[in-house]
Structures are given as C-alpha cells and as structure tokens.
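Visitor: Have a look; sequence and predicted model below, questions after that.
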Amino acid sequence: MSCVSLFLYNRFSQKKEVFSPINPEKITMYVCGPTVYGPIHIGNGRSIVVFDALFRVLRYLFPEVVYVRNITDVDDKINAEAQKLGIPINELTKNTIAQFHQDINKLHVLPVSVEPKATCHISHMIEIIKKLLDKGVAYLSNGHVLFDVLKDPFYGSLSGAHKEEILAGARVEVAPYKRNPQDFVLWKPAIEDHEFWPSPWGNGRPGWHTECSAMSLEYLGTTFDIHGGGADLLFPHHENENAQTRNALGVEHPVKHWVHNGMLMVEGQKMSKSLGNVLLLKDVLAQFPGSVVRWALLSSHYRHTLDWNSSLLHQATQCMEHVNRVLELPWDGKHCLDADFLAYLCDDLNTPGALNALHLLAKRALQDQKWVSSVHTCANFLGIQKISSSLTLEISKEIEDLIKERTQAREEKNFQRADELRQKLEDFGIIIQDTPQGTLWQ
C-alpha cells in the first residue's frame, strides 16, 4: 500500500505542506555532508540517519531519487588538524572519509547517488563567483571576493534572520576588507602552508558556502526538490548558499523544500569541547549495536531536539530486543509493509510513530507468526537490522567485565571507583541491581 501524499515541513514557508516535486519521475535531494578533519559526532550521525530515512521513503514513493551528499575536504580546520598531526592534508582527509563511511555503514545507511568532494569542483565554484561579480552583487577587496549582502533585498528570507542576528552571525568574520560586517567570503587569498588553487583573483581557496552552491548545481541543476541539513546550518550557511545561488543563476527559488533536523543535546546540555561532552559516533558504536543507535536517533521527531542520555539508550535497547527476537525467526520472504507504519513516515517523516508501530507489530508477531513478515519488511524499510548473536555476546561480556571490576572495587572498599563504574554502566543504558546472589543487570 502506498500513501496518497508525502507531507514535509518546509523551512522556507514555515509550514507542513504536500511534497510536490519538480519532476515526479526523478526526485532530487542535496544534503550537507561532513567536513573531514576528524571523526563525526553523534549529532552529525543524527542528520545522516534522518535523511537516510527520508531517502528510503522517497525511493518507495517515486521511480527515481538522486541523492547528493557532499564531502567538504577543503577547510581551515582541515589545514590546522593536518599541521597539528604533521601529516599531508590528503592523508588526513582520506583517513577521515574512510572512518566516516565505516561509522555510517554500521548505522545501516544506504549509499547515496553521488558523494562529490569539494576539491574536485573548484572550477565550478570559480564560475559561480565570476557570475556574482559580473552581476555586481560581489566585490574584490584585498585578495578576497565577498558577497555584498546589502545588494540582495531578499537576504534573510530563508532563515528569517533579522538585521541584529545577521550582524551577530557575522562577528566571527568582521574584517577591515569588508564593506559591511555581514558580507561573507566567496574566495580567500592563499596563506602559507595551506592548500590553494589558481583563480582570476590570485591563488586562494573557496569560501564554505560557495562549495555547496557549485556541487548542487553540477549534479542537480538550477532548481531541485529538497535541500537538507542540521538546524545549525540554517544560518549563516544555508542563508548564504541560497543567496549566492539565487543571484548567480537568476532563479527566485533554487530549492523547493528546505528540510532541517533539530539539534542533539547530551544529558540536557549542548555538545561542546569546553564541556567535554562531545560524543564521537565511532565511540558510541563501540558500545552499542548500530540498530540500537539508529533506533535511538530516530526515536524523536527529526525537527525536535533530541536529548541523548542513558534513559534513551535503555529504551531503544528494550524496544530493539522485542524486534530482534522476531527478526531471528524464519519468514517466507513475502513483503508486507504495514499501512500505519507507512502513514507515519508520510506524515512529515514521523519516525517515532513508525518505530512504535514496528514495536507493536513485533509484540504481535511473538504471539502470532502471521505478523513476522510485516516486522521483517518494516524493519528492513527503516534500516533496522538483526543484531547478531556474536555481537550480543560481545556486548554482554563487556558488561560482565565492568560488573566484575565494580564488585572488586566494592570488596576493596573503593566506593568512589564503584560509583564511577555504576555510572558508566548506566550511561550505556544498563540497569544493575545488587542482590545477595550477586549483581543482576538488564
């Protein structure tokens, strides 16, 4: 059964609306990918999983979907990290891209249609910058090329940013070579020991926003259906990208539907290096199976803030246990996509509703095997895969080792260490109970 319509919240119109593609025979979607100076964190993982889920729904509803997710492999952070490690830039980016793919593969993310690298599209960026200069909305200053925000009367229309917010967003780049503080860089002059490319304005490197405009144009054309990314990219990145694309190409609306996923918090706090609470995806996946992590990432509506905590992981683990029991059962291979499950996904990608429907199906299937095929089909549709027995045993052994260490600490009256280990287990979603027969866990 297919749903009649797919509804998506469009950030530009600020309302949920029927998804109306430019060409129903070929859906086009661009999502901002990683800047490859280091492993991605769990918040980046959320965005990847959210748009993978949307990709799966689109593939089910339409004949063809072209999904472009870029790799930003030119950036000042990349240069700084390569210098810090004392390795060539291309070695750093190659290793980081490999780690990225390894991480998202564990989350059962489908391959995208195209994964372009920014460094392969410098010439396309230069062409866009030339157009902006020719149209008088960009200017040269001290080896920089900058976008003149005051020349664009529609600047701020996507993010809804007011003048004060625009100025605040520009403070990090306030410089004497700018006409106005909010103007943003399209091309930067080369600096010592950093990557650079030749251009009509001298050796240099592109601005971040220019990269996405060039790559979306190259693979999806002047207008495309969906542009996605995290809510943190809305301003200034997507606002600037939209402004330069609109002005360079002379297109009023380059993107029909702007879709943004909400932020991810850790134990109620924003992730930051200063708080020391940045959770790398690879570290989370070292402790939990990919299906549990994926379930947790999809358990809150994509537009809402998701709080990553031990309670969330415990709940995801429990739900996954029910589903996993059914996935271990043999089935006839028949595909039976539950109507309620699909209806939730068609309603602005309501993954919490879809997961709840899947969980209820699993409970039914454990009582009546006629539901087994529905569980297999729905789980596979959403990228939820069976957790292998060997992986389950490996996780159990790790938990048992931590409990043994805690028991020893208690016997040695090292209660501080025992409390630390209890907290570590709780962070993994493990509930322990001390009894006369020993410590029990679930």
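Guide: Cool, got the structure.

Visitor: what's next to the helix or strand where residue 365 lies, contact-wise?
Guide: Assessed by DSSP states H and E, residue 365 sits inside helix 351-367. Outside helix 351-367, the residues that touch it by Cβ atoms under 8 Å, 6 or more residues apart in numbering are 50, 53, 295, 298-302, 319, 322-323, 325-326, 329, 338, 340-342, 344-345, 347, 371-372, 374-375, 378-379, 382, 384. Every residue, glycine included, has its C-beta placed from N, CA and C.

Visitor: Return the distance of that helix from the chain's centre.
Guide: Its chain's C-alpha centre and that of helix 351-367 lie 25 Å apart, by Cα atoms, centre = their mean, to the nearest Å.

Visitor: so how far is the next helix or strand after it off the chain centroid?
Guide: Under the assignment DSSP H and E, the closest C-terminal helix or strand after helix 351-367 is helix 372-381. Taking Cα atoms, centre = their mean, the mean C-alpha location of helix 372-381 is offset from the chain mean by 25 Å.

Visitor: which secondary structure elements does helix 372-381 contact?
Guide: Applying 3 or more Cβ pairs under 8 Å, 6 or more residues apart in numbering; DSSP states H and E, we find helix 372-381 packed against helix 310-327, helix 351-367.

Visitor: just the angle between it and helix 310-327, please?
Guide: 130 degrees (axes from the mean of the first three to the mean of the last three Cα atoms, to 10 degrees).

Visitor: CSV for the helices and strands packed on helix 372-381, including mean pLDDT and distance to residue 175?
Guide: Output for the helices and strands packed on helix 372-381, formatted as CSV (pLDDT from 0 to 100; distance: least, Cβ to Cβ, whole Å):
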stretch, mean pLDDT, distance to residue 175
helix 310-327, 90, 42
helix 351-367, 95, 43
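
Visitor: wait, which of those is closest to residue 242?
Guide: helix 351-367 (26.7 Å; Cβ to Cβ).

Visitor: in that closest one, what counts as buried?
Guide: Within helix 351-367, the residues that count as buried by 16 or more other Cβ atoms under 10 Å are 351, 353-362, 364-366.

Visitor: Tell me where the protein is predicted with low confidence.
Guide: 1-3, 162-174, 389-396, 427-429, 437, 442 (pLDDT under 70).

Visitor: Spatially central residue for it, please.
Guide: Nearest to the mean C-alpha position of the chain, by Cα atoms, centre = their mean, lies residue 47 at 2.0 Å.

Visitor: is it true that it touches residue 229?
Guide: Yes: contact status for residue 47 versus residue 229: in contact at 6.6 Å, counting by Cβ atoms under 8 Å.

Visitor: So for the two, which residues contact both of them?
Guide: Common contacts of residue 47 and residue 229 (Cβ under 8 Å, 6+ apart): 31, 261.

Visitor: Is the nearest residue to residue 32 once chain neighbours are set aside in a helix, a strand, or coil?
Guide: Excluding its sequence neighbours, the residue lying closest to residue 32 (Cβ to Cβ, 6 or more residues apart in numbering) is residue 229, at 4.0 Å. Following DSSP: H, G, I helix; E, B strand; the rest coil, residue 229 is assigned to strand.

Visitor: name the element the residue nearest to the centre of the chain belongs to?
Guide: Applying DSSP H and E, one finds residue 47 within helix 42-61.

Visitor: I'd like the distance between the residue nearest to the centre of the chain and residue 69.
Guide: 10 Å (Cβ to Cβ, to the nearest Å).

Visitor: Need the overlap of contacts for those two.
Guide: residue 31.

Visitor: wait, doesn't residue 292 sit right on residue 313?
Guide: Yes: at 7.1 Å, residue 292 counts as touching residue 313 under the criterion of Cβ under 8 Å.

Visitor: now the angle from the helix or strand hosting residue 344 to helix 42-61?
Guide: Assigned by DSSP H and E, residue 344 belongs to helix 339-346. Here helix 339-346 runs at an angle of 120 degrees relative to helix 42-61 (the same axes, to 10 degrees).

Visitor: Remind me what helix 339-346 packs against, helices and strands.
Guide: Looks like helix 339-346 contacts helix 42-61, helix 351-367 (3+ Cβ pairs under 8 Å, 6+ apart).

Visitor: Just want the angle from the first one to helix 351-367.
Guide: The directions of helix 42-61 and helix 351-367 differ by 70 degrees, with the same axes, to 10 degrees as the criterion.

Visitor: Quick check: buried residues in helix 42-61?
Guide: By 16+ other Cβ under 10 Å, the buried positions in helix 42-61 come out as 42-58, 60-61.

Visitor: contacting residues for residue 207?
Guide: 184, 185, 186, 187, 188.

Visitor: Would you confirm that the first one contacts residue 240?
Guide: By that I understand residue 184. Yes: contact criterion Cβ under 8 Å: residue 184 and residue 240 qualify, at 5.1 Å.
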